[in-house]
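Peer 1: Okay, structure incoming, though there's no sequence with it:
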């Protein structure tokens, strides 16, 4: 009978936790709720009394909240990086020109040039051109 009661409490606490978690905005909140439910169940199974259940609830809530908080921090950092990356990429793309060199066999090789502030261009090997280079100027540098 006792084992049946413990299993019922475990299932009930997990169901209740999942229902409550659905309303949480932050992962630390969800983590604290799940941790509290799991901690309560483990405390009850381990100690079999109210004191053990309460200790398990507190420890579980704390651990779950800390883990969820770390996940929130990681998500915020990724979101911050994602916001910055497209802006940097767009600025870089505006200053980049790709010239396609035709090889003797008919295939093409891309050469990415960076437009500098003074209007000159820099090639991938670091060479500089005062104006936009022609295909004939680039072929000897890239061995085509």
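Peer 2: Thanks, I have the structure now. Just so it is clear, the structure is predicted and the values come from calculations on it, not from any experiment.
Peer 1: Got the domain ranges for this structure?
Peer 2: By the assignment in automatic domain parsing, the chain contains the domains 2-87, 95-141.
Peer 1: now, of these, which is deepest in the fold?
Peer 2: Neighbour counts (mean count of other Cβ atoms under 10 Å) averaged over each of the domains of the chain peak at domain 2-87, with a mean of 16. Every residue, glycine included, has its C-beta placed from N, CA and C.
Peer 1: one step back: determine which of the domains of the chain shows the lowest mean per-residue pLDDT.
Peer 2: Ranked by mean pLDDT, the domains of the chain end with domain 2-87 at the bottom, a mean of 77.
Peer 1: Tell me the spacing between residue 47 and residue 54.
Peer 2: With distances taken as Cβ to Cβ, to the nearest Å, residue 47 is found 10 Å from residue 54.
Peer 1: Over to residue 33?
Peer 2: The gap separating residue 33 from residue 54 is 16 Å, by Cβ to Cβ.
Peer 1: next one: residue 100
Peer 2: For residue 100 relative to residue 54 (Cβ to Cβ), the value is 71 Å.
Peer 1: cool, and residue 107?
Peer 2: According to Cβ to Cβ, residue 107 stands 73 Å off from residue 54.
Peer 1: and the helix or strand harbouring residue 53, how far from the chain's centre?
Peer 2: Per DSSP states H and E: residue 53 is located in helix 50-94. Relative to its chain's centre, helix 50-94 lies at 10 Å (Cα atoms, centre = their mean, to the nearest Å).
Peer 1: helices or strands up against that helix?
Peer 2: In terms of contacts (3 or more Cβ pairs under 8 Å, 6 or more residues apart in numbering; DSSP states H and E), helix 50-94 is packed against helix 27-47.
Peer 1: Report the inter-axis angle for the helix it packs on versus helix 50-94.
Peer 2: Angle of helix 27-47 versus helix 50-94, following axes from the mean of the first three to the mean of the last three Cα atoms, to 10 degrees, is 150 degrees.
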